[in-house]
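**Q** Just to be clear, the model below is a prediction. Sequence and coordinates:
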Amino acid sequence: MNIVFLGTGGSWPSPERSVSAVALKRGPEVILFDCGEGTQRQFMRSTVSFMQTTKIFVTHFHGDHFLGLPGLIQSMSLNDRRDPLSIHGPEGTEQLVSILIKLGYFTPTYEVIVQDLKPDDVLDFDEYTVTVGEANHNVPTLFYVLEEKERAGRFNKPRALELGIPEGPLFSKLQRGETVEHKGKTFTPDMVLGPPRRGRKIVYTGQSPAKPWSSWERTAT
């Protein structure tokens, strides 16, 4: 997991800082929190590709947190994106994004899935969940808690070799939790994997603290 700060400024960009946008890289996936003006350019200056973005979570609808959406959506289309993109945010997100997509003579080459969220919503994905909370601001504002599900234990290569398992595809299968056979013997993942590892937790509140101040921020790891 890698966190890339694309923009940390507020209200308007400066020569040194772009406005709010934070990318979370998990394997082949990028999850974007807020998308202020100039976010796509910040992506281009980073080591992360905006084409890998699968989900965007917007905290609120002040311009410095969402005005990068129209350009990013169109640039993905110009790069012939085919995979769907989901955009999540507070009440009014569906209406706002539908307006942004209609700006100019433009039709996306991919599906844009939009979802209005409210505090206490929980989104359950394959490898993690995203919990939604209310943040303290002068307009409706959300914060997001991304928490990985329990991960498999670390692979014990010396133990695998000691058991006579050859290096290669069988290693990968065992790491994915699959049982394998070799030379008439059966090997199960628990024979070569350590204890399960607790998932990591990321809390994103944008520019606003959680309302009320809660344990979410204190338990982020």
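**A** Alright, I've got the coordinates. All figures in this text were calculated on a predicted structure; none of them were measured in a lab.
**Q** List the contacts of the closest residue in space to residue 13 that isn't next to it in sequence.
**A** Excluding the flanking residues, the one nearest residue 13 by CB to CB, 6 or more residues apart in numbering is residue 19, at 5.3 Å. Quick note: C-beta positions are derived from backbone N, CA and C, even for glycine. Counting by CB atoms under 8 Å, 6 or more residues apart in numbering, residue 19 makes contact with 7, 9-13, 36-38, 64-65.
**Q** at 10 Å instead, please
**A** Counting by CB atoms under 10 Å, 6 or more residues apart in numbering, residue 19 makes contact with 6-13, 34-39, 42, 62-68, 207.
**Q** ok, of those, which come out buried?
**A** Neighbour-count burial (16 or more other CB atoms under 10 Å) applied to the contacts of residue 19 gives 6-7, 9-10, 13, 34-39, 42, 62, 64-68, 207.
**Q** now this structure, which segments are flagged as low pLDDT?
**A** Along the chain, the model assigns pLDDT under 70 to residues 210-221.
**Q** again, only using 50
**A** Nowhere does the chain drop to pLDDT under 50.
**Q** tell me, what residue is most central in it?
**A** Taking CA atoms, centre = their mean, the centroid of the chain lies closest to residue 31, which sits 2.4 Å from it.
**Q** Any idea what it is bridged to?
**A** Taking DSSP bridges as the rule, residue 31 bridges to residue 24, residue 55.
**Q** who does the host helix or strand of residue 144 pair up with?
**A** Using DSSP states H and E, the element containing residue 144 is strand 142-148. Partners of strand 142-148 in the sheet, by DSSP bridges, are strand 128-134 (antiparallel), strand 201-204 (antiparallel).
**Q** Show me the one of those strands that comes nearest residue 151.
**A** strand 128-134 (10.2 Å; CB to CB).
**Q** ok, now how distant is the residue in the chain sticking out farthest from the centre from residue 174?
**A** Distance from the centre of the chain peaks at residue 184, with 42.4 Å (CA atoms, centre = their mean). Counting by CB to CB, to the nearest Å, the gap from residue 184 to residue 174 is 17 Å.
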